[in-house]
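Novice: Quick one, fold the following:
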Amino acid sequence: MHNTLLVWTNELGSLYTFKLVEKLVLVVSDPAVFMKLAGNGPEALPKAAFAVQGAKELGPGPDGIFMLLDFHSEEYKTVRKTLAPAFSLENVRNISPVACEHAQHLASKWAGGLEVDKEGDCGATVSVAGNIDVMEDLKKSALSVFLNGVLCMEMGEAEKETFLKNLQEGMAEVTLRVTNPLRQLIYNAMPFLPWSKRLAENFAAVNDLWILIFKRMREQAPYSETDFSLLACFWRLEHVHGFDDGRIRASLAAFVVAGFETNAGTVAWALYDIASHNEVQKTLQTELRTAGLLHEEGSPNRGRPITWEDLWGLPYFTAVLKESMRLHAIVATTSTIREADRDVELGGYYVPKGTVVWAPLTCLHCSAHNWEDPLAFKPERWLVPKGAKGDSEKAFHPFGYGPRNCIGQNLGNIVVRAMLMELISSLWFDVPSCMGSVEDVRAREEVGMTLKCRGRDL
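Specialist: Below is the predicted model of the structure:
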């Protein structure tokens, strides 16, 4: 769907409308208009209810995680204010060693079947095991980082696989309900059907983890006033603000899902972009080698551990990551979906009450109206002051914008940077033929990633 919207955006402009059944939809990719509707000024609009109702069953309580998506409610404001200290840069900086450790385990797993291939380019070794489903492995690794580093919990490999399988099936249904709200009515009206029963089992199994985390929160209580760990902040929602069990667990559900799914997807797409551009990968290796971070086969220098300063101190690495995040927004289609609760003017146009205002990140990040050569992977555009037609930062919002932006963006930035830096310091990546061309990957509009990895003897 997001590719179709991008085609329309390039053809029709940065503001255009279409009819969805009887609903008028305004698609926005103008950065200035986007910042106004997503900000906290008079033109800001509330979240469209239909866009998030499908996610209700992923969390417990009468509203599931929907309660966290009603951005204008006092309840949401209380949750955000109470949990914000847990995601301050100072509070989450200790997560980077945990992310590096799990990425090291992942690199070792992927490299476990390597053998020397004298014909390989770059003098590399190639994987005997062949293709690797990096997305699934990254999800497990990112989930472990969140559980271990943020919640101080452990989960067995089999438990993680079962949880991720159930969550993936549930999230797939949630996504379908965004574009077809009738699906939820059908499932609710016919719970006796096999697929309805299976979906109910998925949601119930996923909810078991929220219950487990909730129990751990209570087991570790009481918390000191200076403890700003995530569990301590959740505990304050209950004991200071009077949130009931269902709403606490719903909050936990939203943060756990957002805390690892997006990180895994971001790292996977960055690896794909790096693997698709050998010159970019070589330049990255040069930067890592200069910093003393590259793990080189056959060399006594195995690379030093990644430090906090390294995460932010490598300009080309940062440019590569930002360019990948521009091209592959993890919430590409849903992104910002608002509904005009009153007549309003946006971008000089009258928008009547009831209009759905849709700002897909793909259109903002990849529109020819905002970027030159928008679908090309060009990290160098971030190494100059003006990467877009105008101010590049105004057309780049991977974590959203305004008072409703991603509360966990500090954590996400750290985990993604640490995992990606560790993986590309350890291995060389290639795109196998089964993935097809870059155009094929974009056209499929699906979340999945298969790559090949190699060791090095450079």
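Novice: Tell me where the stretch 101-250 of the chain has helices.
Specialist: Counting by DSSP state H, counting those that start in this stretch, the stretch 101-250 of the chain has helices at residues 134-145, 157-179, 182-189, 194-219, 230-239, 245-276.
Novice: Throw those helices into TSV and include mean neighbour count, mean pLDDT and distance to Leu45, thanks.
Specialist: All C-beta spots, glycine's among them, are computed from the backbone N, C-alpha and C. Shown next, in TSV, are the helices of the stretch 101-250 of the chain (neighbours: other Cβ atoms under 10 Å; pLDDT from 0 to 100; distance: least, Cβ to Cβ, whole Å):
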stretch	mean neighbour count	mean pLDDT	distance to Leu45
helix 134-145	23	93	32
helix 157-179	17	83	17
helix 182-189	13	79	23
helix 194-219	16	88	30
helix 230-239	20	95	27
helix 245-276	24	90	21
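Novice: which one of these lies closest to Glu372?
Specialist: helix 245-276 (18.0 Å; Cβ to Cβ).
Novice: and Asp373, which of the three is it?
Specialist: Assigned by DSSP: H, G, I helix; E, B strand; the rest coil, the conformation of Asp373 is coil.
Novice: who touches it in this structure?
Specialist: By Cβ atoms under 8 Å, 6 or more residues apart in numbering, the contact set of Asp373 is empty.
Novice: Return the distance of it relative to Leu327.
Specialist: Distance of Asp373 to Leu327, computed by Cβ to Cβ, to the nearest Å: 12 Å.
Novice: Over to Ile95?
Specialist: As judged by Cβ to Cβ, Ile95 and Leu327 stand 26 Å apart.
Novice: same thing with Leu151?
Specialist: Applying Cβ to Cβ, the value for Leu151 to Leu327 is 31 Å.
Novice: Ile186 too?
Specialist: Distance of Ile186 to Leu327, given as Cβ to Cβ: 35 Å.
Novice: Assess the claim that Val441 and Cys434 are in contact.
Specialist: No: using Cβ atoms under 8 Å, Val441 makes no contact with Cys434, being 10.9 Å away.
Novice: higher neighbour count, the two?
Specialist: Using other Cβ atoms under 10 Å as the criterion, Val441 and Cys434 rank with Val441 on top: 18 against 8.
Novice: Now do the contacts for the nearest residue to the more buried one once chain neighbours are set aside.
Specialist: With Cβ to Cβ, 6 or more residues apart in numbering as the criterion, Val441 has its nearest non-adjacent residue at 6.0 Å, and that residue is Met435. Contacts for Met435 (Cβ under 8 Å, 6+ apart) come out as 272, 441, 450-451.
Novice: Then Cys363?
Specialist: 2, 5-6, 9, 27-29.
Novice: pLDDT of stretch 9-20, averaged?
Specialist: Stretch 9-20 shows a mean pLDDT of 93 in the predicted model.
Novice: Straight-line length of that stretch, end to end?
Specialist: Stretch 9-20 stretches 16 Å from its first residue to its last (Cα to Cα, to the nearest Å).
Novice: just how off-centre is that stretch within its chain?
Specialist: 26 Å (Cα atoms, centre = their mean, to the nearest Å).
Novice: same check, this time on stretch 397-412
Specialist: Counting by Cα atoms, centre = their mean, stretch 397-412 is centred 10 Å from the centre of its parent chain.
Novice: Give the buried residues for that stretch.
Specialist: Using 16 or more other Cβ atoms under 10 Å as the test for burial, stretch 397-412 gives 397-402, 404, 406-408, 410-412.
Novice: how close does the residue nearest in space to the middle of the chain sit to Ala99?
Specialist: Among the residues of the chain, the one closest to the centroid is Thr262, at 2.0 Å (Cα atoms, centre = their mean). As defined by Cβ to Cβ, Thr262 lies at a distance of 14 Å from Ala99.
Novice: What's the per-residue pLDDT of the residue nearest to Val441 here?
Specialist: Per-residue pLDDT puts Met435 at 89.
Novice: who's in contact with Pro379?
Specialist: Neighbouring residues of Pro379 by Cβ under 8 Å, 6+ apart: 280, 316, 319-320, 322-323.
Novice: Leu364 - how many residues pack around it?
Specialist: Neighbours of Leu364 under the rule other Cβ under 10 Å: 29.
Novice: Would you mind confirming that it is in contact with His397?
Specialist: Yes: using Cβ under 8 Å, Leu364 is in contact with His397, at 6.6 Å.
Novice: Show me the common contact partners of these two, please.
Specialist: Shared contacts of Leu364 and His397, defined by Cβ under 8 Å, 6+ apart, are found at Phe34.
Novice: quick one: the helices in the stretch 301-450 of the chain?
Specialist: 308-313, 315-327, 361-366, 409-426, 438-444.
Novice: Tell me which of the ones you listed lies nearest to His241.
Specialist: Nearest to His241 among these is helix 409-426; the distance by Cβ to Cβ comes to 22.3 Å.
Novice: Could you list every helix and strand that the closest one packs against?
Specialist: helix 89-92, helix 95-111, helix 134-145, helix 245-276, helix 278-290, helix 308-313, helix 315-327 (3 or more Cβ pairs under 8 Å, 6 or more residues apart in numbering; DSSP states H and E).
Novice: ok, Ala221 - how many residues close by?
Specialist: Using other Cβ under 10 Å, the number of residues around Ala221 comes to 12.
Novice: can you tell me how far it sits from Ile248?
Specialist: 12 Å.
Novice: And Asp440, by the same measure?
Specialist: Asp440 is 44 Å from Ile248, by Cβ to Cβ.
Novice: Nearest spatial neighbour of Phe260, chain-adjacent residues omitted?
Specialist: Ala142 (4.0 Å).
Novice: for the one you found, what are its contacts?
Specialist: Ala142 touches 102, 260-261, 263-264, 267, 415, 419, counting by Cβ under 8 Å, 6+ apart.
Novice: So in this protein, where's the weakest helix or strand by average pLDDT?
Specialist: Ranked by mean pLDDT, DSSP states H and E, the helix or strand of the chain with the weakest confidence is strand 125-127, at a mean of 41.
Novice: picking up where we left off before, just send the helices of the stretch 101-250 of the chain back as a markdown table, with distance to Leu294 too.
Specialist: Formatted as a markdown table, these follow (distance: least, Cβ to Cβ, whole Å):
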| stretch | distance to Leu294 |
| --- | --- |
| helix 134-145 | 20 |
| helix 157-179 | 29 |
| helix 182-189 | 49 |
| helix 194-219 | 37 |
| helix 230-239 | 34 |
| helix 245-276 | 14 |
